[in-house]
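Q: fold the stuff below for me.
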Amino acid sequence: MIPARYAASRFPAKLMQDLMGKPVILRTYEAALDTQLFDAVYVVTDSDVIFHTISQAGGQAIMSLKEHDCGSDRIAEAVQDMDVDIIVNVQGDEPFIDKESLAGVLQVFEGDNNMEIDLASLMVRIREEGEINNPNTVKVVVDNNNFALYFSRSPIPYHRASEIDPPYYKHKGVYAFRKGALMDFQRLPMLPLEASEKIEAIRYLEYGKRIKMVETTVSGIEIDTPEDLKRAQEEWK
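A: Numbering: from 1, shown residues only. Below you'll find the predicted structure:
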């Protein structure tokens, strides 16, 4: 499932921007489809423009019936009557998503016979101080078994002890949910931590869900700004 809003505060209509001859959202849809990991791939949107763009290209699109604050809510509406076990959320602004990373989050559930894992998601090591301090980059800290402890736009952990070189990880906006966890998210109200940070993954933690993080070395390019789009165009070449 690829949630796709037309409006975006930092870069309006970013999903319909041209990326070497095709809109960003279509590039992302094709990238997810090309992995051949999924029984079906859908774009879930509130936009007639995006819906028709995907449909006219021969893809599958679902029109949201309600207004939603985040991608998880949008996807939950779309899958509520589907007979599925695992749903993967790929952000519409990530046209460089790769098969190996997606396979990694799916593999988490294969050995989870006791169904202790509610979600799986991706993280990538970051080393540049500018990105560590950038509030647009969501950071995640994990325990010794790579379960998420917290997500933040602030630099976490705080680097107080100069003799220690702690790892910093960027949270990539790819989730694999058990359907039950996703449906719980839809009915549970937002709490203060999520509201403060504007990070939907925090809601799962606040209600006791377990998120297994999978490290990837593929950082890709998330298209949040016009500058990101320029970098993506160069990368695509």
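Q: which parts of the protein are helices?
A: Secondary structure of the chain (DSSP state H): helices at 24-34, 48-56, 71-79, 99-110, 129-132, 179-187, 192-197, 201-206, 226-236.
Q: can you tell which of these is closest to His159?
A: With respect to His159, and counting by CB to CB, the nearest of those is helix 129-132 at 8.8 Å. C-beta here means a position set from N, CA and C on the backbone, and glycine is covered the same way.
Q: quick one, domains of this protein?
A: With domains defined by automatic domain parsing, the chain comprises 1-94, 98-221.
Q: return the set of buried residues in stretch 26-36.
A: By 16 or more other CB atoms under 10 Å, the buried positions in stretch 26-36 come out as Leu26, Arg27, Thr28, Tyr29, Ala31, Ala32, Thr35.
Q: as CSV, those with distance to Gln80 would be great.
A: Output for the buried residues of stretch 26-36, formatted as CSV (distance: CB to CB, whole Å):
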residue, distance to Gln80
Leu26, 26
Arg27, 28
Thr28, 23
Tyr29, 22
Ala31, 26
Ala32, 21
Thr35, 25
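Q: and the residues you listed, which is closest to Pro226?
A: The closest of the buried residues of stretch 26-36, once distances to Pro226 are taken by CB to CB, is Arg27, at 16.5 Å.
Q: test my guess that the closest one contacts Leu19.
A: Yes - here Arg27 reaches Leu19: they are 5.0 Å apart, a contact under CB atoms under 8 Å.
Q: report the set of residues contacting both of the two.
A: Common contact partners of Arg27 and Leu19 (CB atoms under 8 Å, 6 or more residues apart in numbering): Pro95.
Q: which residues sit in contact with the residue nearest the centre of the chain?
A: In the chain, the centroid-proximal residue (CA atoms, centre = their mean) is Gly173; its distance is 2.2 Å. Contacts for Gly173 were tallied using CB under 8 Å, 6+ apart; they are Gly71, Asn89, Gln91, Glu94, Val138, Glu222.
Q: any idea how far the second one is from Gln186?
A: By that I understand Asn89. 13 Å (CB to CB, to the nearest Å).
Q: hmm, what's the outermost residue in the chain?
A: Outermost in the chain, CA atoms, centre = their mean: Glu163 at 33.6 Å.
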